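1. give me a 3D structure for the following:
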Amino acid sequence: MQKILVVQPLHPKALAMLEARSDIEFEVVTDFAEENLLQRVADADGITVRDAKLSEAVLAAAPKLRVVSRHGVGFDNIPVNYCSSRGIPVTVVGPVNAISVAEHTIFLMLAAARVGVHLDQSVRDGRFSERSNSLSLELSGKTILLIGYGRIGREVAKRARAFNMEVAVYDPYLNATEEGVTRFASLEEALPTADVVSLHVPLTPETRNILGAEELALLPLNAIVVNASRGGLIDETALAEAVARGAIHGAGLDTFDQEPLPVTSPLVGQNRIVLSPHSAALTEGSLIAMGMKTVENVLGGLDGRLDAQFVVNAAAIEGK
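-> Numbering: from 1, shown residues only. All right, here's what the predicted structure looks like:
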């Protein structure tokens with residue numbers, strides 16, 4: 001009998017896949033404090049995890065561990081280098097949530113452009129006359145700069161074109177783009193051309209604070225910043241200050257350096273910044289698909305049939 005530790009619940013349809021396996025037992029853990037995980041991980045052959053942090057200490061306490069399956073596409077909550085040193089593959093769900101995140105990105109962009117938070121509050125406060133103030137921006141003819149042009153970035157590009165937007169890309173790991181996409185070799189060259197900047201990269205030492213005060217200062221007046229990717233990519237204090245002084249039009253953020261976002265964050269006081277609670281990928285359909293792919297990956301790791309395209313540390317499976 002093999003055991004899978006399910007850190008944070010998965011969709012019932014995903015758990016049903018585990019229940020259907022007579023050779024698998026699993027435990028769903030809702031308390032993911034390190035102390036609790038240390039008590040439950042010793043006999044785990046596989047682990048699934050959503051956004052909870054898995055420390056090296058927890059994984060070191062799991063001598064039988066053969067695979068870690070992430071319910072999502074980011075993996076900064078997992079010590080990947082440590083897993084690689086033990087030959088433990090770390091998997092992600094791939095493109096199953098790409099459309100959900102792309103649609104949410106467009107929602108944030110539109111809400112920021114049309115000052116949705118401000119106008120909504122104006123109606124609720126009885127200030128209907130706010131309709132006469134010219135606060136909103138049109139997106140037609142504007143340029144959206146996609147920092148990162150993977151699966152989600154490409155889905156965002158499709159939808160941006162429907163708004164008659166020009167698409168530009170900065171991605172140093174990109175080999176080629178399709179016709180109609182302007183590619184920039186440097187961020188410094190790209191930012192002054194961007195009416196909207198949308199982030200679609202993982203959080204790494206290279207990308208942390210990729211939009212800091214200096215980068216934000218390169219944006220044109222009335223630019224919009226959108227992040228439905230990972231927290232830590234933007235200097236949040238610098239962004240709030242830029243919006244407050246009117247250096248940029250606004251922003252739409254789904255992920256944050258600290259989650260949950262503290263109510264004392266300078267972002268909270270700016271009604272030209274649209275906020276959502278790291279929920280871009282969490283539609284019903286996406287949750288089902290992500291959960292099932294998470295289970296498929298963990299079972300694949302245990303059964304010796306893991307699909308390499310979902311493994312983020314390829315070195316862990318080389319020669320297997």
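2. switch to C-alpha atoms for all contacts and neighbour counts from now on
-> OK.
3. are we agreed that S198 is in a strand?
-> Yes: per DSSP: H, G, I helix; E, B strand; the rest coil, S198 lies within a strand segment.
4. next one: the residue nearest to the spatial centre of the chain from L37, what distance?
-> Nearest to the mean C-alpha position of the chain, counting by CA atoms, centre = their mean, stands S229 at 3.0 Å. Separation of S229 from L37 (CA to CA, to the nearest Å): 27 Å.
5. now V226
-> Separation of V226 from L37 (CA to CA) stands at 35 Å.
6. more neighbours, the two?
-> It is V226, of V226 and L37, that has more neighbours when counted by other CA atoms under 10 Å, with 26 against 21.
7. chain center to stretch 307-320: distance?
-> Centre-to-centre, stretch 307-320 and its host chain are 22 Å apart (CA atoms, centre = their mean, to the nearest Å).
8. with stretch 80-90 instead?
-> 22 Å.
9. buried ones in that stretch?
-> V80, C83, S84, G87, I88, P89, V90 (16 or more other CA atoms under 10 Å).
10. out of those, which sit inside strands?
-> Secondary structure from DSSP state E places V90 of the buried residues of stretch 80-90 in strands.
11. closest one of the buried residues of stretch 80-90 to V49?
-> Within the buried residues of stretch 80-90, the smallest distance to V49 is 10.6 Å, found for V90 (CA to CA).
12. now that closest one: closest residue in space that isn't a chain neighbour?
-> Once flanking residues are discounted, V90 sits nearest to V68: 4.9 Å by CA to CA, 6 or more residues apart in numbering.
13. report all helices and strands that the host helix or strand of that neighbour contacts.
-> Using DSSP states H and E, V68 sits within strand 67-70. Judged by 3 or more CA pairs under 8 Å, 6 or more residues apart in numbering; DSSP states H and E, the packing partners of strand 67-70 are strand 46-49, strand 90-91, helix 284-303.
14. for this protein, which spans come out with low pLDDT?
-> For the chain, applying pLDDT under 70 flags the ranges 319-320.
15. what's the domain layout of it?
-> 2-96+284-316, 98-275 (automatic domain parsing).
16. measure the residue of the chain most remote from its centre to L299 for me?
-> Going by CA atoms, centre = their mean, the residue of the chain most distant from its centre is S129, 37.3 Å out. Using CA to CA, S129 is found at 58 Å from L299.
17. in the strand holding V68, what's buried?
-> By neighbour count with 16+ other CA under 10 Å, strand 67-70 contains the buried residues V67, V68, S69, R70.
18. and F184, what are its bridge partners?
-> Beta-bridge pairing of F184 under DSSP bridges involves Y170.
19. unless I'm mixing things up, it is touching A168, no?
-> Yes: using CA atoms under 8 Å, F184 is in contact with A168, at 7.4 Å.
20. so how far is I224 from G148?
-> Note on G148: its distance to I224, by CA to CA, is 17 Å.
21. which one's more surrounded, the two?
-> Using other CA under 10 Å, the more surrounded residue of G148 and I224 is I224, with 27 against 21.
22. partners of that one in the sheet?
-> Beta-bridge partners, per DSSP bridges, of I224: V196, G250.
23. for L306, see how far away it is.
-> In this structure, I224 and L306 are 40 Å apart, going by CA to CA.
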